[in-house]
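>>> Coordinates for the following, if possible.
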Amino acid sequence: MPFDTEILYFCLGPSTWALAAGKNDMMTILISKLIDDGISLYKKNQYKDSAYRFAYALKKLPSDIDQQTTDQFITNFRFMKYNCLINLAKCKRKLDSCDAAIDYCTQALYIHNTADGLLLRSRIKRDQ
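Numbering: from 1, shown residues only. Next comes the predicted model:
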């Protein structure tokens, strides 16, 4: 069933999330929109609002994966969770909340152990 993604960009209220429940393609679009909003707010030095977007995206990521979920969606959701955690760590670092930033960074490294994640965590520890 095709849907207009531009309509979804304008209203991310509770009814939108209820409509997207169980529809992995819609969830991917909505969560991607939250991540994009968070990144643009981060670039505008609005770290608190950016952190809120990333935390909200983390909360909305599906925690229970059913048998109908394809490997592609599982990989996408895992990558989105990693991105949210890394970006949330960056926001918390800018907000001088180093302990929370290290925690988010460590959670991201459990998902995907990358040099960027390790470098970010070491920079946060240096800032403490």
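>>> Find the centremost residue of this structure, please.
For the chain, the residue whose C-alpha lies nearest the mean C-alpha position (Cα atoms, centre = their mean) is residue 84; its distance is 2.7 Å.
>>> With residue 21 as the reference, measure out to that one.
To residue 21, residue 84 is 19 Å away according to Cβ to Cβ, to the nearest Å. Placement of C-beta: from N, CA and C, glycine included.
>>> what does residue 109 give?
Separation of residue 109 from residue 21 (Cβ to Cβ) stands at 30 Å.
>>> Which pLDDT value belongs to residue 89?
In this model, residue 89 is scored at 97, pLDDT.
>>> burial of it, as a residue count?
Using other Cβ atoms under 10 Å, residue 89 is surrounded by 29 other residues.
>>> repeat for residue 35
Residue 35 has 18 neighbours, counted by other Cβ under 10 Å.
>>> which element is it on?
Here residue 35 sits within helix 24-43, counting by DSSP states H and E.
>>> which regions of this structure sit below the pLDDT cut-off?
The model of the chain has pLDDT under 70 over residues 1-12, 17, 20, 64-69.
>>> run the last query once more with 50
The chain contains residues with pLDDT under 50 at 1-10.
>>> So which residues of this protein form strands?
Shown for the chain, no strands are assigned by DSSP state E.
>>> Residue for residue, what is the longest helix it has?
If you go by DSSP state H, the chain has its longest helix at helix 71-94.
>>> Residue 109 and residue 21: who's more crowded?
Neighbours were counted for residue 109 and for residue 21 using other Cβ under 10 Å; residue 109 has more, 19 against 10.
>>> residues contacting the more buried one?
Contact analysis of residue 109 by Cβ atoms under 8 Å, 6 or more residues apart in numbering lists 117-118, 121.
>>> so how far is residue 97 from residue 22?
From residue 22 over to residue 97 the distance is 35 Å, taken as Cβ to Cβ.
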